[in-house]
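> Dropping the sequence and predicted coords here.
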Amino acid sequence: MKLLFLGDVMGRAGRAAVTARLPEMRRDWALDFIVVNGENASNGMGLSAAHARALLEAGADCVTLGDHAFDQRDMLQFIEQEPRILRPLNYASEAPGRGAAVFTVTGGRKVLVAQVLGQVFMKRPFADPFSAVDSVLRAHPRGGMVAASLIDMHCEATSEKMGMGHYCDGRASVVVGTHTHIPTADAQILPKGTAYQTDAGMCGDYNSVIGMEKTEPMRRFVTGMPKERFTPAAGEATVSGLFVETDDRTGAATRVRMIRQGGRLEFSAP
């Protein structure tokens, strides 16, 4: 199976780049399933229903969120109506929506997608991500009930993401990190067949401070004082993510490659 994961979509520039490129990527790379992290797609703060529809209509089979899952209030209702949108698995128990789902692709093959929030350096405490993921993977064994499985590990600390990668090695097909917006250069297949990258990076304008126009973040770093709200950078966006091929029989990853298209971080196609 050929899977594509795209990192945090950042503002209007990121949305435009993803919606423009996704149909071509699916066609040219014969993709079976596409997951997009959309939690910053609406002005850098959450995902609105309208912007979620745009990502899905462009070709995303599943859209994951993150710690900003419900910054756009209409997502509280929309996520109950749209099963292709996932909020973090270990969010508050009363939160709407769900954190994991199984999708059917061509040939009747099943794909599990789950997202979980880390605990290290996050602004508020969340339930244990490792036990949450463990329950889902036990119920959906790789190469058994599902042909492939993907875990979106949304957190700050690279060590926590790496811990999740090794924790899921041999159990998930893919573990990929999101949230920091900075792509890491460690795409690999772990010893037991799990494709891994610490952070997929963002789909946004890299002439920025993690996707925000530079002036206000720099002012705060230099002076320690805010003056204006952060504004997403609006220049040409780079589409960043991870391409993975898996063995349908075992669910193990057989190939992994970082993706960078357009903007400042152009990288060759898979």
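Nice, I can see it.
> Count the residues that sit near Ser48.
19 (other C-beta atoms under 10 Å). The way it works is simple: take the backbone N, C-alpha and C, and place the C-beta from them, glycine included.
> if I read this right, Val146 contacts Ala114, doesn't it?
No. Using C-beta atoms under 8 Å, Val146 makes no contact with Ala114, being 10.8 Å away.
> Please point out which parts of the biggest helix by length in the chain sit buried.
Ranked by residue count under DSSP state H, the longest helix found in the chain is helix 11-29. If you call a residue buried by 16 or more other C-beta atoms under 10 Å, then helix 11-29 has these buried ones: 11-19, 21-22, 25-26, 29.
> who touches that helix?
Helix 11-29 has contacts (C-beta atoms under 8 Å, 6 or more residues apart in numbering) with 2, 4, 6, 8-9, 31, 34, 36, 40-44, 51, 54-55, 57-60, 202-205, 211, 232-239, 243, 261-263, 269-270.
> and those residues, which are buried?
Of these, these count as buried by 16+ other C-beta under 10 Å: 2, 4, 6, 8-9, 31, 34, 36, 40-44, 51, 54-55, 58-60, 202-205, 211, 232-233, 237-239, 243, 261-263, 270.
> Among those residues, which are located in helices?
Per DSSP H, the subset of those in helices is 51, 54-55, 58.
> Among those residues, which one sits closest to Arg171?
Nearest to Arg171, judged by C-beta to C-beta, of those is Leu55 at 28.0 Å.
> that older thread, quick check, distance from the longest helix of the chain to the centre of its chain.
15 Å (C-alpha atoms, centre = their mean, to the nearest Å).
> CA atoms of it as CSV?
Output of helix 11-29 as CSV, limited to C-alpha atoms (Å, rounded to 0.1, in the frame of the first residue of the first chain):
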residue,chain,number,x,y,z
GLY,A,11,-2.8,29.0,7.3
ARG,A,12,-4.0,30.1,3.9
ALA,A,13,-0.6,29.5,2.2
GLY,A,14,-0.5,26.0,3.4
ARG,A,15,-4.1,25.3,2.5
ALA,A,16,-3.6,26.6,-1.0
ALA,A,17,-0.4,24.5,-1.6
VAL,A,18,-2.0,21.3,-0.3
THR,A,19,-5.3,21.7,-2.2
ALA,A,20,-3.4,22.5,-5.4
ARG,A,21,-0.9,19.7,-5.2
LEU,A,22,-2.8,16.8,-3.6
PRO,A,23,-4.7,15.6,-6.7
GLU,A,24,-1.5,15.5,-8.7
MET,A,25,0.4,13.7,-6.0
ARG,A,26,-2.3,11.0,-5.7
ARG,A,27,-2.3,10.5,-9.4
ASP,A,28,1.4,10.5,-10.1
TRP,A,29,2.4,8.4,-7.1
